[in-house]
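Novice: Next come a sequence and a model predicted from it.
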Amino acid sequence: MPNITLKPLSRQVIVITGASSGIGLVTARKAAAAGASVVLISRSEEALRRIVGEIEEAGGTAMFAVADVGDLAAVQAAARRAIERFGRIDTWVNNAGVAIYAKLVDTPMDEHERLIRTNYFGVVHGALTAVAHLGRDGGALITVASIASDIPSPVMGAYAASKHAVKAYVESLRIEAIGDGLPLSITLIKPSGIDTPITRHAANHQDGKALIPPPIYDPELVADAILDAAVHPRRDVTVGGGGRAQVLLSVHFPRLLDRFGHLMEPLLRDRARPDVEADNLDAPKGDEQERSTDQTGRKTSLYTAAGRHGTALAVSTLVGVGAAILYRTRRDRRRGSIGTKQS
């Protein structure tokens, strides 16, 4: 990544999409508490108005703009409102997203298309808008994707496909921005399963209540990673060592994932409880919840903290994991070679 200097949070104007619940809401509140001027974007005017009021009562500076990220014109209008109020944008956070729990062959096409419009084109619209405003003076463009950017997923296949597309878009955009000499820090955040209201907001076609994929981490870990990337240029950040381990296993042992990945399906539903929640694909929930009501995320991640504060420890951890995988791969190959010679 080019040598880019980013402002301290206390001097930044930060735009956050999907800011009325979950990761976006936690990030907005933490950014405002750190002294940033925060612009919250989502589809729910009522929820945004209450949240901004709470931030201002606590001494923070915030405003909101109502927009569906699937609508480029609405996103551009929200950016103009931010600039009219604060004069500039320093960091743009693409965070809005929706989810579907269903096998791909059972996923209704209208829901699938809506998910892609929000999760993928929402990022495209946010990125195009951010680059237009940050490309001259510089700043940070941060996109919240998922470890599903790196691995497939049963039952959440449409969600995983959208996140794969987001990763490819962001990484391609980074190459082009560097080639054009734009003073942009472009970061991809890849959370593991996070304790947010995602299961209450998702379209669920399973038998039973939807569950957050394990291992589960607290949304503050993601908010911390986002705000760190707002002041320190980062290429990509995986939040949660458990999720990183899943990615490594899928990369090095893809056939095992093909064969046994379906065993994850029971972990994504609770058949003992019916799912009576309405989804938020076409209309916002407006419930302003940061977390789920029935699952709890881990408050710490040694892997994520090491990557941000202790590079040597993170590298040594990955080297150790990589060495173990390499040893096992070579051992298996030797055994295969011996078996071939004996046959």
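Specialist: Received it, and whenever you're ready, just let me know what you need.
Novice: Where do the strands of the stretch 201-343 of the chain begin and end?
Specialist: 203-204, 209-210, 216-217, 236-239, 269-270 (DSSP state E, counting those that start in this stretch).
Novice: biggest strand in the protein by residues?
Specialist: Criterion DSSP state E: the longest strand present in the chain is strand 184-191.
Novice: thinking again about what came up before, same list (the strands of the stretch 201-343 of the chain) but as JSON lines, adding mean neighbour count.
Specialist: Any C-beta I mention is one placed from the backbone N, CA and C, and that applies to glycine too. Below are these laid out as JSON lines (neighbours: other CB atoms under 10 Å):
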{"stretch": "strand 203-204", "mean neighbour count": "23"}
{"stretch": "strand 209-210", "mean neighbour count": "24"}
{"stretch": "strand 216-217", "mean neighbour count": "22"}
{"stretch": "strand 236-239", "mean neighbour count": "23"}
{"stretch": "strand 269-270", "mean neighbour count": "18"}
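Novice: List just the one of the ones you listed that sits closest to Leu188.
Specialist: Counting by CB to CB, Leu188 lies closest to strand 236-239 out of the strands of the stretch 201-343 of the chain; the figure is 4.3 Å.
Novice: Now find how far off-centre the closest one is within its chain.
Specialist: The chain centre lies 9 Å from the centre of strand 236-239; the measure is CA atoms, centre = their mean, to the nearest Å.
Novice: What is that strand packed up against?
Specialist: strand 184-191, helix 219-231, helix 302-309 (3 or more CB pairs under 8 Å, 6 or more residues apart in numbering; DSSP states H and E).
Novice: at 7 Å what do you get?
Specialist: Applying 3 or more CB pairs under 7 Å, 6 or more residues apart in numbering; DSSP states H and E, one finds that strand 236-239 contacts strand 184-191, helix 219-231.
Novice: now those in TSV, with mean neighbour count, mean pLDDT and distance to Gln289?
Specialist: What follows is the helices and strands packed on strand 236-239, written out as TSV (neighbours: other CB atoms under 10 Å; pLDDT from 0 to 100; distance: least, CB to CB, whole Å):
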stretch	mean neighbour count	mean pLDDT	distance to Gln289
strand 184-191	26	98	17
helix 219-231	24	98	10
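Novice: returning to that earlier point: strands paired with the longest strand of the chain, and their directions?
Specialist: For strand 184-191, the pairing partners within the sheet under DSSP bridges are strand 139-144 (parallel), strand 236-239 (parallel).
Novice: any chance of these in a markdown table, plus mean pLDDT and distance to Val39?
Specialist: Shown next, in a markdown table, are the strands paired with strand 184-191 (pLDDT from 0 to 100; distance: least, CB to CB, whole Å):
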| stretch | mean pLDDT | distance to Val39 |
| --- | --- | --- |
| strand 139-144 | 98 | 13 |
| strand 236-239 | 97 | 22 |
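Novice: Please give me every residue in contact with Trp92.
Specialist: 15, 126, 130, 134, 141 (CB atoms under 7 Å, 6 or more residues apart in numbering).
Novice: Ok, which of the strands paired with strand 184-191 comes nearest Thr196?
Specialist: With CB to CB as the yardstick, what comes closest out of the strands paired with strand 184-191 is strand 139-144 (10.8 Å).
Novice: Which secondary structure elements does the helix or strand that that closest one is followed by sit against?
Specialist: From strand 139-144 onward toward the C-terminus, using DSSP states H and E, the following helix or strand is helix 157-179. If you count contacts as 3+ CB pairs under 7 Å, 6+ apart, helix 157-179 packs onto helix 109-119, helix 121-134, strand 184-191.
Novice: quick one, which of these is packed in tightest?
Specialist: Among the helices and strands packed on helix 157-179, strand 184-191 has the highest mean neighbour count (mean count of other CB atoms under 10 Å), at a mean of 26.
Novice: Between helix 302-309 and it, find me the angle.
Specialist: Using axes from the mean of the first three to the mean of the last three CA atoms, to 10 degrees, the inter-axis angle of strand 184-191 relative to helix 302-309 is 170 degrees.
Novice: gap between strand 184-191 and the chain center?
Specialist: Taking CA atoms, centre = their mean, one finds the center of strand 184-191 at 9 Å from the center of the full chain.
Novice: partner strands of the helix or strand just after it, parallel or antiparallel?
Specialist: Per DSSP H and E, the first helix or strand lying C-terminal to strand 184-191 is strand 193-194. Applying DSSP bridges to the sheet, strand 193-194 is found paired with strand 216-217 (parallel).
Novice: show me the contacts for Ser42.
Specialist: Counting by CB under 7 Å, 6+ apart, Ser42 touches 18-20, 48, 96, 284.
Novice: Then Ile151?
Specialist: Ile151 neighbours (CB under 7 Å, 6+ apart): 246-247, 250.
Novice: Of those residues, which is the most crowded?
Specialist: Most neighbours among the contacts of Ile151, by other CB atoms under 10 Å: Gln246, with 24 neighbours.
Novice: on that earlier part again, compare the helices and strands packed on helix 157-179 and give me the one nearest Ile147.
Specialist: Closest approach to Ile147 among the helices and strands packed on helix 157-179 (CB to CB): strand 184-191, 5.1 Å.
Novice: Export only the CA atoms of that closest one, formatted as CSV.
Specialist: Extracted in CSV, the C-alpha atoms of strand 184-191 (Å, rounded to 0.1, in the frame of the first residue of the first chain):
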residue,chain,number,x,y,z
LEU,A,184,-6.5,6.3,-0.8
SER,A,185,-6.1,3.6,1.9
ILE,A,186,-8.4,0.8,0.7
THR,A,187,-9.2,-1.8,3.4
LEU,A,188,-11.2,-5.0,3.4
ILE,A,189,-12.4,-6.1,6.8
LYS,A,190,-13.3,-9.8,7.0
PRO,A,191,-15.2,-10.7,10.2
